[in-house]
Each structure stands twice: as structure tokens, then as C-alpha cells.
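# quick one: sequence plus predicted model below, questions after.
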Amino acid sequence: MSYNLLKGKKGIIFGALDEKSIAWITAIKCHEEGAQIVLSNAPVAMRMGEINKLAEKIGAPVIPCDVTNNDDIENLISKTMEHFGGGFDFILHSIGMGVNVRKGKHYTDIDYGFNVKTNDVSAVSLHRVLACCMKKDALNEWGSVVALTYIAAQRVFPDYSEMADAKALLESITRSFGYHYGIKKHVRVNTISQSPTRTTAGSGVKGFDGFISYAEKMSPLGNATAEECGNYIVTLFSDLTKMVTMQNHFHDGGFSFTGVTQAVIEQMEK
Ligand SMILES: NC(=O)c1ccc[n+]([C@@H]2O[C@H](COP(=O)([O-])OP(=O)(O)OC[C@H]3O[C@@H](n4cnc5c(N)ncnc54)[C@H](O)[C@@H]3O)[C@@H](O)[C@H]2O)c1
């Protein structure tokens with residue numbers, strides 16, 4: 001069901017790799033709610049060609065951008081402004097990659113070159129995108145920016161490894177840039193801390209199957225799905241949440257504030 005919550009709004013959605021991606025599902029939701037969208041992903045990810053199916057479905061152009069490359073970001077923001085004929089209203093940063101995790105390096109023995117890349121892709125990229133938007137005055141008054149994060153930024157989940165540190169940095173940039181963009185143009189910047197979700201990035205975490213079942217049992221409402229995450233993101237892009245900024249919002253069925261559940265106790269007693 002559509003409520004036209006984003007009627008007349010325009011924005012960029014980063015990170016739709018395939019139909020399981022949180023960004024993919026969110027792009028469809030934003031389109032259903034009346035938004036016009038520009039899709040972007042890293043050139044290497046776009047070679048798979050999947051994103052073109054989504055682009056066709058929602059009538060969106062696709063503009064490649066490696067978010068660690070300032071020239072790519074400048075090009076994306078300029079082309080997006082040309083496409084929309086001026087500024088736009090929202091950005092979804094749905095991007096993450098743990099290079100040491102991918103290469104099987106343990107947290108206690110990381111390669112620091114890989115680690116710089118992990119932080120750049122997963123966290124500093126938010127700063128790069130916001131800084132470019134500010135320079136070009138690309139975001140409209142009361143614009144809204146959302147980035148996706150995970151609770152390993154606050155509590156230890158050992159197999160999340162260096163990505164925990166990257167998410168902590170992402171959440172900090174959200175607050176710091178949110179302050180400056182709020183003062184300058186009432187632009188809001190928030191993170192959503194999502195339940196474990198079966199996507200390409202999610203499944204890269206070691207022991208993901210056991211972990212997703214554990215999180216399900218530890219959440220009074222169960223794990224939040226990508227669909228539900230998309231709905232939540234729509235509300236943050238809408239004018240109904242205008243005064244919300246610099247926050248991390250747990251979208252996790254109650255996991256973050258649950259000490260233990262009956263289901264987990266029963267499992268332990270077996
Ligand atoms: N899946 C989960 O369990 C889960 C839970 C909490 C938060 N998140 C976060 O949600 C976000 C989206 O991930 P997802 O689960 O939908 O997985 P996904 O693999 O579908 O999306 C990750 C995206 O990041 C993009 N990306 C990687 N390097 C890039 C670069 N240099 N430039 C531009 N784009 C680049 C990939 O191409 C991909 O589209 C990530 O930030 C992830 O950490 C995921």
C-alpha cells in the first residue's frame with residue numbers, strides 16, 4: 001500500500017547489487033511512495049548487470065560511482081543535479097565491504113592497507129558524499145540522508161571483525177556531519193542499525209546462519225526484514241520525521257535492548 005509519503009521528492013540510492021540488497025528493496029519502496037530516483041553502485045558491481053533490471057522497473061538512470069574516488073562522486077552529484085534539474089532531497093548510503101573479512105584475515109592480525117580500504121568504502125565514503133553535496137549545494141532544505149549500520153558498533157560480535165570499527169566510524173560521521181549540515185541547510189543525517197539480513201554483504205560474515213537464528217530468538221518481534229527496513233527508510237526520507245537527526249535508530253525487533261529471551265533459555269537447557 002502506498003501513502004505518497006515521498007511525492008515530489010528526488011534522491012540517490014547507493015548499493016543495489018541484486019534483488020536481495022536492502023538498497024534494491026528500498027528503491028522500489030521509495031518509487032512506490034512517489035519518489036524519483038538515481039541509482040548508483042561501484043562500476044565493478046554494475047558489471048553483473050543486475051541493476052539495469054531495477055532501473056527499468058522504477059524508471060531510474062544508473063550512474064556508476066566508486067565511493068572511494070572523489071572524481072566519481074563529483075561526477076555522480078553533477079549528473080544527478082543535471083538529471084533532476086537542480087537539487088535533490090534524499091540519499092541512501094547502503095554500502096559496506098570488509099576487505100580483511102573477505103581475505104579471511106582474523107581481527108587480531110589484519111592487514112592495515114586492507115583496513116584503510118574497509119574504512120574508506122564503509123564509512124569515510126559517507127563523509128566524501130556529504131562533503132561533495134555541501135560544496136555543490138546539492139541537497140535541498142530539510143533533505144534527509146540515511147546510512148545503514150550494525151549493532152557491532154556498540155557491542156562485540158567477534159566475527160564482524162574490522163567492520164565493527166568501520167560502523168562505529170560511520171555512526172560518528174553521521175553525528176558530526178549531521179551537526180554541520182543541520183546548521184547549514186536543515187539537512188538531516190541518521191543511521192539505521194538493521195537486524196542480520198540475508199544479502200551478499202550479510203552472508204559474508206562467518207557463521208551467519210547460526211547467528212541469524214540466534215538474533216531471531218533474541219528479538220521479541222523477530223528479525224526485521226529488508227522489506228521492513230525499506231519501509232522504515234521511507235519514513236526517515238519523509239517530512240513526517242523532520243526533526244530527527246544525528247541519531248542511530250535500531251531497527252531490530254527489540255534485539256538491542258533484550259538481555260535474554262525464554263526461547264534462548266530453553267535452547268540452553270536442552
Ligand atoms: N545484511 C545484513 O545483515 C546487514 C545488517 C546491518 C547492516 N547492513 C548494512 O547494509 C548495507 C547494505 O548491505 P546489504 O546487506 O544490502 O548487502 P549488499 O551486498 O547487497 O550491498 C552492499 C553494497 O555495497 C556496494 N559497494 C561495495 N564497495 C563499493 C564501492 N567502493 N563503491 C560503491 N559501492 C560499493 C556493493 O556493490 C553492494 O551493492 C551495508 O552498509 C551493510 O553493512 C547489512
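Received the coordinates, thanks. None of the values given here were measured: they were computed from a predicted structure.
# can we go C-alpha only for contacts and neighbour counts from here?
Fine.
# and the contacts of the helix or strand bottoming out on mean pLDDT in the chain?
Every helix and strand of the chain was ranked by mean pLDDT, DSSP states H and E. The lowest is helix 200-203, at a mean of 82. Contacts to helix 200-203, defined as Cα atoms under 8 Å, 6 or more residues apart in numbering, come from residues K20, S21, G96, M97, P196, F208.
# run the last query once more with 6 Å
Contacts to helix 200-203, defined as Cα atoms under 6 Å, 6 or more residues apart in numbering, come from no residue at all.
# that helix near the ligand anywhere?
Yes - Helix 200-203 comes into contact with the ligand (Cα under 6 Å from any ligand atom), by way of T200, A201, G202.
# and the lengthiest strand in the chain, what does it pack against?
Secondary structure of the chain per DSSP state E: the longest strand is strand 139-149. Packing contacts for strand 139-149, counted by 3 or more Cα pairs under 6 Å, 6 or more residues apart in numbering; DSSP states H and E, involve strand 88-93, strand 188-194.
# and if we set it to 8 Å?
strand 88-93, helix 162-185, strand 188-194, helix 226-237 (3 or more Cα pairs under 8 Å, 6 or more residues apart in numbering; DSSP states H and E).
# now tabulate those in a markdown table and tack on mean pLDDT.
Listed next are the helices and strands packed on strand 139-149 as a markdown table, based on pLDDT from 0 to 100:
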| stretch | mean pLDDT |
| --- | --- |
| strand 88-93 | 99 |
| helix 162-185 | 98 |
| strand 188-194 | 99 |
| helix 226-237 | 98 |
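# list just the one of those that sits closest to S219.
strand 188-194 (12.2 Å; Cα to Cα).
# the inter-axis angle of the closest one versus helix 162-185?
150 degrees (axes from the mean of the first three to the mean of the last three Cα atoms, to 10 degrees).
# close to the ligand: what parts of the stretch 101-250 of the chain are there?
Close to the ligand, as judged by Cα under 6 Å from any ligand atom, the stretch 101-250 of the chain has residues 121, 148-150, 193-202.
# out of those residues, who's nearest D109?
V121 (20.1 Å).
# the helices and strands packed on strand 139-149: which one's closest to A131?
helix 162-185 (8.6 Å).
# then the closest one to CSV, C-alphas only?
What follows is helix 162-185, C-alpha atoms only, in CSV (Å, rounded to 0.1, in the frame of the first residue of the first chain):
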residue,chain,number,x,y,z
GLU,A,162,37.0,-4.8,11.4
MET,A,163,33.5,-4.0,10.1
ALA,A,164,32.6,-3.2,13.8
ASP,A,165,35.2,-0.4,13.8
ALA,A,166,34.0,0.8,10.4
LYS,A,167,30.4,1.0,11.5
ALA,A,168,31.4,2.9,14.7
LEU,A,169,33.2,5.5,12.4
LEU,A,170,30.2,5.6,10.1
GLU,A,171,27.9,6.4,13.1
SER,A,172,30.3,9.1,14.3
ILE,A,173,30.5,10.7,10.9
THR,A,174,26.7,10.7,10.9
ARG,A,175,26.6,12.8,14.1
SER,A,176,29.5,15.1,13.2
PHE,A,177,28.4,15.9,9.6
GLY,A,178,24.7,15.9,10.7
TYR,A,179,25.6,18.8,13.0
HIS,A,180,27.2,20.9,10.3
TYR,A,181,24.6,20.1,7.6
GLY,A,182,21.8,20.7,10.0
ILE,A,183,23.0,24.2,10.8
LYS,A,184,23.8,25.0,7.2
LYS,A,185,20.7,23.7,5.5
